[in-house]
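*Asks:* Generate coordinates for the sequence data below:
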Amino acid sequence: ALKGVLEIAPFNLGVGLLVLVAGISDSQWDSVLFLVAVLLLVTATLLRRERRFTLRPDHFAERHGLVLLIALGESVVAIGNGAGELALDARTIGAVLLSLLLIAALWWSYFDRDDERAEHVMRALSEETRARVGVIGYWYTHLVMLAGIVLLAAALKEIVAEGALLA
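*Replies:* Numbers count the residues shown, from 1 in each chain. All right, here's what the predicted structure looks like:
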């Protein structure tokens, strides 16, 4: 396990530093810094740095599900922030309820035993294949899902704040 961590640590540290620098530097560099961070992650994947990891499917699936759960929870907070300054009239309540219904549907679509199915499939793989599937088939797809949830949360916040959902 330590060998696996040491294989990927320089890439993870590099990504972390690039994101920190993006947070404190002039915003004109943000896109470049984030692109370089993504390229570091892709390079680690292409170099198969995960091959020495021993991946426990139950732990791996649970942790990824928890991250998605946090993102969905933050979406609920964003909806509340969008409605925070509005009067609680029928339009606002309707917009909030429809937005929450969408978040609940996303939660249900993910947590309706798909994580259990993925865990079962990963358990049947060899350790090296399991690590590869964990990175490419699980981690990258979860990044895409997280990005979608974040974009949806931002959109729902604006839609609720503008009252455009039921206009």
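*Asks:* Spatially central, which residue of this structure would that be?
*Replies:* Central residue of the chain (CA atoms, centre = their mean): L146, 2.6 Å from the mean position.
*Asks:* Next one: that one relative to L47, how far apart?
*Replies:* In this view, L146 and L47 are 24 Å apart by CB to CB, to the nearest Å. From N, CA and C alone the C-beta is placed, and that goes for glycine too.
*Asks:* And F34, by the same measure?
*Replies:* Applying CB to CB to F34 and L47 gives a distance of 20 Å.
*Asks:* all helices in this structure, in order from the N-terminus.
*Replies:* 2-24, 30-46, 57-83, 90-111, 114-123, 127-133, 140-162 (DSSP state H).
*Asks:* Include mean pLDDT when you put those into JSON lines, please.
*Replies:* Formatted as JSON lines, those follow (pLDDT from 0 to 100):
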{"stretch": "helix 2-24", "mean pLDDT": "86"}
{"stretch": "helix 30-46", "mean pLDDT": "89"}
{"stretch": "helix 57-83", "mean pLDDT": "89"}
{"stretch": "helix 90-111", "mean pLDDT": "89"}
{"stretch": "helix 114-123", "mean pLDDT": "83"}
{"stretch": "helix 127-133", "mean pLDDT": "82"}
{"stretch": "helix 140-162", "mean pLDDT": "89"}
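*Asks:* The residue of the chain positioned farthest from its centre and L33: what is the separation?
*Replies:* Here the centre of the chain is the reference, and by CA atoms, centre = their mean the most remote residue is D89, at 33.2 Å. Distance from D89 to L33, counting by CB to CB: 43 Å.
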